[in-house]
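Peer 1: here is the input, now give the coordinates:
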Amino acid sequence: MNTKTAQIKNTLVNILSKYALPLLLGAVVMNIIFKTYLVDNVRLYTFGYVVYECLLFALFEWLKPKKVLRGLVYTALMAAVLFLGFQLLHAGFEHSGKSFINWFYVNRQEIGQIDEYFYFLFVGLGFFIISVLYYFTIVRYRSFGTMLVLLFPFFIYGKRADSMDTLDITIMLTVFIALMVHSRLVSDESKHDLVINGSYVAASAVFVTLVGALAMLMPTSSKTSYLEKNSNFFDVNIKSSGTYDNLSDESSPRFGAEATGEILFNFTTTSDEQVIYLRRQAFDLFRNEKWVTDDSFYNFHFDKNVHLYGDNEVNSPSYVYSIAKSLADKDYSKDLGVEKSQFPDDLFSEKAVMNQFSDSFTPSYIPAPLMITPGENNVYIKTTHSEVYRPYDTAGNKLGISFEYIPETESERQAAANLDMTENQFKLLLSYGLTNGDVTSNQSVNIYNIYALYTDVSAYDDKGGKMEALAKSITENCKNDYEKAQALVDYFEQNGYVYDNEYEPDDESIAYFLFTSKRGNCTNYATSMTLMARMLGLPARYVEGFAAYEKNERGEFVVRDSHAHAFVEVFITGIGWMTFDPTVPGYQRDYSANGTNFDVSTFVSYFSKIALFIGVAFVLVVFVFLNRIIEVFFRLSLKFRDNGDRVIRLYRRVIRLLTIASNDKLSGYTPEMIREYLVKRRGVELGGLIDLFEKTCFGGYVPDEAEWKMVYAEYKVQWKKLTKREKTSLELDKNM
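Peer 2: Okay, the predicted model is just below:
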């Protein structure tokens, strides 16, 4: 190797050793951040960020020796970044109408992609991360300063209620550990002498890879803080003034949901229901592949806050049924073909008492649909959208979480299935009743508005009418509203749909789920049924809450975060709102054992981590003990040779080991030259082997067993010295 080539090689080694790991850590961190804000082109933007890093690092290195100029240039550059950032923030708000804070904190699937805000992160946050990495790894080594960079992905993902991939975390931590080990060795403040050679690379790789493998193998904690636990739920504070806070404007993401299995609260009920659907929030319209509330429409047609006394609330139990029953008793009902006998007297007479227990969980939920009956406390609640029940007295003090409700019974479902009343018949009854003073205008308008609002699918583009055609084909033989709703429920279980809470398809449209993948979680099933019901003219609303089905040893219902569930409420003509759950079996899993349950996906997840650890450990063992492994195979191969062949092979093995250890070309050396080389360069005496080799190779001599054993024992004693690596000329020059 000539001097110029050696200098180039030395320069490249120095550049890579100095900049490669800081640049790699910055790229890994920003790649993870990009993944939560982007759907496509994550790799392309990551590559662009690497270029951004390299340019800034090159600029900082050029400015490093220029003490006055570097301060001025960096200040000007920072000002330019801030100016560009503010321009991007302004453009993003003008373009989307959504604030940067909302976009920054809310999950991508809920608020959508806003390019200007993303470029602000790319330029602004990217500039900050590059500056921190350069200063704390190149200018002055500080591990805690560098660790600041690692906090950004955890902070962003935590605030957006998103989850980082285990492999991404492992790679990030592995690169960070590698950077810390390397920076400690090369830091100007360190007194260690560093030689970047095969031994350095091997030692660093073994340590860093082992730590990374262990980090990936170790299970993560399943506990969350009270603040984190409540970040996914609104903290209701409904007081006597009728105020409320923190309702969601949009529904939860339909893919990528995760839960810990942690218990939120327990409750008891005097009802014998096996599954109780608890309401969190209902939504009005489906727009851009998510459900949204439409307060402007709702508040115009309905009272925003309703005092739950009396029977004048359109969502309260038996409201619609009592009206239909009273009108069926009138003479004009016979002209419309409506029979009074279809309305049993005691249909909504059964009542149950619910008591909720929780030491820390603030929100409280009621059974679906609105089943609370009038009680002693002044209870204010936002009609339909927020079904959280939290009674306060007139002074605003929180009262006990206990209330009476009307359960949805088999008798109610049977009456709904047998009711022979169409929407047109019911509306005509209302019209006759209004004319004859049997119903009030408020009652009539409220019911008409339900049909208007909850059959609206104008915001959804049913391309080619495919979904509507499917809904009609499913319900073509149904005689009433209840049978149609139940047919939609049965369709999913009877047509190969699969419950999969971890499935994330390339196409996240509801049409793709319904017609192609047939795989998803409860939000997909509830969304599909709600849309199809509306296309059939059935008022339906998408509801998010909990499905309570697990009980503890005391007989109390246990509600976990993993019991979060989406279901459907359908307005059945003549009956009122009823609950339907179209999600196929599979979601009601047992989390009682350590907060989780064993299933195939869990097994595969842990098995993959164990397999990765075993694979990494195997590679490390092979890497560390490679020379010994090769030597073992060589010695085993000698057992199958005669003594003459053994001597020749052993001599060649010595030449091979010397060549590897020194990088000197020894193939042209004579036995005498090898003898001299061994003594002078390695301090090794193998005269017996060399003499026996010359006689065997050139004199036709056949060694006996005793001679072979003697030279073989000599070789084994000197083997470690033969494999010891000599320092290169560059390394020798560096240490002088």
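
Peer 1: in the helix or strand Y451 falls within, which residues are buried?
Peer 2: Y451 belongs to helix 441-453 when assigned by DSSP states H and E. Neighbour counts using 16 or more other Cβ atoms under 10 Å place 443-447, 449-451, 453 of helix 441-453 among the buried residues. C-beta: built from backbone N, CA, C; applies to glycine.

Peer 1: which secondary structure elements does it contact?
Peer 2: helix 295-301, helix 319-328, helix 423-435 (3 or more Cβ pairs under 8 Å, 6 or more residues apart in numbering; DSSP states H and E).

Peer 1: can you do 10 Å?
Peer 2: helix 295-301, helix 319-328, helix 423-435, strand 564-572, strand 576-580 (3 or more Cβ pairs under 10 Å, 6 or more residues apart in numbering; DSSP states H and E).

Peer 1: now do the contacts for the residue lying closest to L689 once chain neighbours are set aside.
Peer 2: Nearest residue to L689 in three dimensions, chain neighbours excluded: V711, at 4.3 Å (Cβ to Cβ, 6 or more residues apart in numbering). By Cβ atoms under 10 Å, 6 or more residues apart in numbering, V711 lies in contact with 643, 646-647, 650-651, 686-693, 703.

Peer 1: roughly how far apart are V711 and I648?
Peer 2: 12 Å (Cβ to Cβ, to the nearest Å).

Peer 1: now do the shared contacts for these two.
Peer 2: Contacts common to V711 and I648, judged by Cβ under 10 Å, 6+ apart, are 692-693.

Peer 1: low-scoring pLDDT stretches of the stretch 51-200 of the chain, where are they?
Peer 2: Along the stretch 51-200 of the chain, the parts satisfying pLDDT under 70 run over 105-112, 159-162, 182-200.

Peer 1: mind listing the helices for it?
Peer 2: Assigned by DSSP state H, counting those that start in this stretch, the stretch 51-200 of the chain shows helices spanning 67-96, 100-105, 108-111, 115-120, 126-134, 143-159, 166-186, 198-217.

Peer 1: those: which one's closest to T530?
Peer 2: helix 108-111 (17.8 Å; Cβ to Cβ).

Peer 1: rewinding a little: could you identify which of the contacts of V711 has the most neighbours?
Peer 2: V647 (26 neighbours; other Cβ atoms under 10 Å).

Peer 1: per-residue pLDDT of that residue, please?
Peer 2: For V647, the pLDDT comes out at 88.

Peer 1: where's it, which helix or strand?
Peer 2: Going by DSSP H and E, V647 is part of helix 643-662.

Peer 1: show me what that helix is packed up against.
Peer 2: Counting by 3+ Cβ pairs under 10 Å, 6+ apart, helix 643-662 packs on helix 626-638, helix 671-677, helix 687-699, helix 705-723.

Peer 1: and that helix with helix 626-638, angle?
Peer 2: 170 degrees (axes from the mean of the first three to the mean of the last three Cα atoms, to 10 degrees).

Peer 1: returning to what we had before: columns mean neighbour count on top of the helices of the stretch 51-200 of the chain, output as a markdown table?
Peer 2: Converted to a markdown table, the helices of the stretch 51-200 of the chain look like this (neighbours: other Cβ atoms under 10 Å):
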| stretch | mean neighbour count |
| --- | --- |
| helix 67-96 | 13 |
| helix 100-105 | 16 |
| helix 108-111 | 19 |
| helix 115-120 | 19 |
| helix 126-134 | 20 |
| helix 143-159 | 15 |
| helix 166-186 | 19 |
| helix 198-217 | 16 |
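
Peer 1: those: which one's closest to N288?
Peer 2: Per Cβ to Cβ, nearest to N288 of the helices of the stretch 51-200 of the chain: helix 108-111, 9.8 Å.

Peer 1: re the thing from before, and of the contacts of V711, the nearest to T670?
Peer 2: For the contacts of V711, the nearest to T670 is I690 (9.9 Å; Cβ to Cβ).

Peer 1: distance check, that closest one against R682.
Peer 2: Distance from I690 to R682, by Cβ to Cβ: 13 Å.

Peer 1: how many residues are close by L12?
Peer 2: The burial count for L12: 10, using other Cβ under 10 Å.

Peer 1: just the C-alphas of stretch 32-42, formatted as CSV.
Peer 2: The C-alpha trace of stretch 32-42 is given here as CSV (Å, rounded to 0.1, in the frame of the first residue of the first chain):
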residue,chain,number,x,y,z
ILE,A,32,-39.4,7.5,13.7
ILE,A,33,-41.0,11.0,13.9
PHE,A,34,-41.7,11.0,10.2
LYS,A,35,-43.6,7.7,10.6
THR,A,36,-46.3,9.2,12.8
TYR,A,37,-46.9,12.2,10.5
LEU,A,38,-46.5,10.6,7.1
VAL,A,39,-48.2,7.7,5.3
ASP,A,40,-46.0,7.7,2.2
ASN,A,41,-42.5,8.6,1.2
VAL,A,42,-41.0,8.2,4.7
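
Peer 1: numbering from 564 from now on, please.
Peer 2: Sure thing, new numbering starts at 564, so read that last one as stretch 595-605.

Peer 1: mind listing what's buried in it?
Peer 2: Taking 16+ other Cβ under 10 Å as the criterion, stretch 595-605 shows 595-601, 605 as buried.

Peer 1: in those, which has the lowest confidence score?
Peer 2: L601 (78).

Peer 1: ok, it - contacts?
Peer 2: Contacts of L601 (Cβ under 10 Å, 6+ apart): 607-609, 671, 676, 678, 681.

Peer 1: adding distance to T1093, write those residues out as JSON lines.
Peer 2: Below are the contacts of L601 laid out as JSON lines (distance: Cβ to Cβ, whole Å):
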{"residue": "L607", "distance to T1093": "37"}
{"residue": "Y608", "distance to T1093": "36"}
{"residue": "T609", "distance to T1093": "38"}
{"residue": "R671", "distance to T1093": "23"}
{"residue": "Q676", "distance to T1093": "25"}
{"residue": "D678", "distance to T1093": "31"}
{"residue": "F681", "distance to T1093": "32"}
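
Peer 1: of these, which is the nearest to A978?
Peer 2: Scanning those for proximity to A978, where the rule is Cβ to Cβ, the winner is R671, at 44.9 Å.

Peer 1: ok so, going back, and the helix holding V1210 with helix 1250-1262, angle?
Peer 2: 120 degrees.

Peer 1: give the buried residues for helix 1206-1225.
Peer 2: 1206-1207, 1209-1210, 1213-1214, 1216-1217, 1220-1221, 1224-1225.

Peer 1: if we can go back for a sec, skip ahead from the helix holding Y1014 and say which helix or strand is next.
Peer 2: helix 1029-1037.

Peer 1: name the residues that touch that following helix?
Peer 2: Under Cβ under 10 Å, 6+ apart, the answer for helix 1029-1037 is 1020, 1023, 1025, 1028, 1047, 1050-1051, 1053-1054, 1057-1058, 1073-1074, 1077-1078, 1091-1092, 1094-1099, 1101.
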